[in-house]
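Colleague: Prediction below, plus the sequence it came from.
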Amino acid sequence: MEHSVLIMGGSGEVGAETAALLRRWHPELPLTIAARDLGRARRVADEVGGATAVTIDVRRDGLGLQQADGYSAVVAALWDSHLNGLRYAQDHGLPYVSISNGLIDIGPEVAAAGLRAGAAPILLASHWYAGTVVLATLALAREFDRLDTIEVTGVLDEQDGGGPAAVADVARLLAAASAAPVRRDGVFDWLSGPDAQVEVTSIDGTVLPGQLVPILDVPSLAVATGAANVRVAFAIGESAGRRHGGPA
C-alpha cells in the first residue's frame, strides 16, 4: 500500500489548493490533511477524496501525531514555526518541502537541514508562488546563450491576498526586513527606502507603484543563470483582470 503525503496546514487556503492539485496530478495518491481543527481537515479531505484527516500541533515534537509512521512525504503549507515538521521528516527519512519562509527566516531551516544533510531530501521552496515564477523564468532563460539582466515584476491583487495564514506570512516577512536583495554587476546588495521603490507595469500597460521585495527568487535566479543583474518587485493593487471586469 502506498503511504500518504502529510500536508501540514492542509485545511487552509494554500493547503487545500495543494491537496486539490496533487489529486489532479495523482488520482490514486493517498493524502493526509493535517490541521489544528479536525472538522475543517475532514471537510477538505472529503472534497479531494482519497484522503484522511488528522490533528497536528506544530509546537510539539512529532507534531502531536498519534501515528508514528506511514507517510511518504511532508508538505509544510504553513509556517513551520518550531521546525517540528522538518524534524519529523528527518526523523522518518521523508522528503520535506516548505513554502512559507522568507529570505531572512530560512536561516534556521538551512541550519537544521545542513546539520542532518543525509537524513531526508529537503526542498526550500519559499519563493514567490512556491517557485512557479522561478521555474517559468528558467524555462524562458533556455532560449538565450547568455543572460545579463533579469527583472521580474508582478501585481498582487489587493482582493486576492489568500487566507489568514498567508496574510500573516506576508506581514511577518515584511517586518523581518526593511531592505530587499538585488544583484548588481555580479554583487549581491540590499536596497531600502527610495532605492527599493519601483514602477510596475501591469499586463494591460497600467503603471502601479511597487517595491523590491526580500525573496528567495533573487539569489535562486542569479545563481541558476549567472545573470549579473537580478531584481524582483511587485505592486499591490487592482489587477488587470479585475480592472477589465473579471476576477482578481
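Modeller: Noted; the coordinates are in hand. Residues are numbered from 1 along each chain as shown.
Colleague: ranges for the helices of this structure?
Modeller: Secondary structure of the chain (DSSP state H): helices located at 13-25, 38-48, 84-92, 107-115, 132-141, 164-176, 217-225, 240-243.
Colleague: Highest mean neighbour count out of the ones you listed?
Modeller: Greatest average neighbour count among the helices of the chain goes to helix 84-92 (a mean of 21), per mean count of other C-beta atoms under 10 Å. (Each C-beta comes from the backbone N, C-alpha and C, glycine too.)
Colleague: residue contacts, His3?
Modeller: Pro30, Gly70, Tyr71, Ser72 (C-beta atoms under 8 Å, 6 or more residues apart in numbering).
Colleague: Not counting its neighbours along the chain, what's nearest the residue nearest to the spatial centre of the chain?
Modeller: Geometric centre of the chain, nearest residue: Ile99, 2.9 Å, by C-alpha atoms, centre = their mean. Counting by C-beta to C-beta, 6 or more residues apart in numbering, the nearest residue to Ile99 once its immediate chain neighbours are dropped is Ala130, at 4.3 Å.
Colleague: was I right about Ser178 contacting Leu191?
Modeller: No. With contact defined as C-beta atoms under 8 Å, Ser178 does not count as touching Leu191 (10.3 Å).
Colleague: Check whether the residue nearest to the centre of the chain really touches Asp80, as I assumed.
Modeller: No. Counting by C-beta under 8 Å, Ile99 sits too far from Asp80 to count as a contact (9.9 Å).
Colleague: In terms of neighbours, single out the busier of Ser178 and Leu191.
Modeller: Leu191 (17 against 11; other C-beta atoms under 10 Å).
Colleague: May I ask you to confirm that Asp217 is in contact with Trp128?
Modeller: Yes. Counting by C-beta under 8 Å, Asp217 does reach Trp128; the two are 5.3 Å apart.
Colleague: For the two, list the residues in contact with both.
Modeller: In contact with both Asp217 and Trp128: Val134, Val152, Val232, using C-beta under 8 Å, 6+ apart.
Colleague: What is the burial count for the last one?
Modeller: Summarising burial for Val232: neighbours were counted as other C-beta under 10 Å, giving 26.
Colleague: Gly64 versus that one, what's the distance?
Modeller: 37 Å (C-beta to C-beta, to the nearest Å).
Colleague: for this structure, which spans come out with low pLDDT?
Modeller: 1, 68-69, 161-163, 165-167, 170-171, 173-177 (pLDDT under 70).
Colleague: about what we covered before: who wins for neighbours among the contacts of His3?
Modeller: Tyr71 leads the contacts of His3 on contacts (other C-beta under 10 Å) with 20 neighbours.
Colleague: Might you report the residue contacts of it?
Modeller: Here Tyr71 is in contact with His3, Ser4, Val5, Leu6, Thr32, His92, Leu94 (C-beta under 8 Å, 6+ apart).
Colleague: Please apply the same query to Ala141.
Modeller: So Ala141 contacts Leu147, Ile150, Ala224, Thr225 (C-beta under 8 Å, 6+ apart).
Colleague: I'd like those as a markdown table, with distance to Thr201 appended.
Modeller: Shown next, in a markdown table, are these (distance: C-beta to C-beta, whole Å):
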| residue | distance to Thr201 |
| --- | --- |
| Leu147 | 20 |
| Ile150 | 16 |
| Ala224 | 25 |
| Thr225 | 22 |
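Colleague: Return the member of those nearest to Thr18.
Modeller: Closest to Thr18 out of the contacts of Ala141 is Ala224 (23.9 Å), distances taken as C-beta to C-beta.
Colleague: Among the contacts of Tyr71, name the buried ones.
Modeller: Ser4, Val5, Leu6, Thr32, His92, Leu94 (16 or more other C-beta atoms under 10 Å).
Colleague: Among those residues, which lie within strands?
Modeller: Ser4, Val5, Leu6, Thr32 (DSSP state E).
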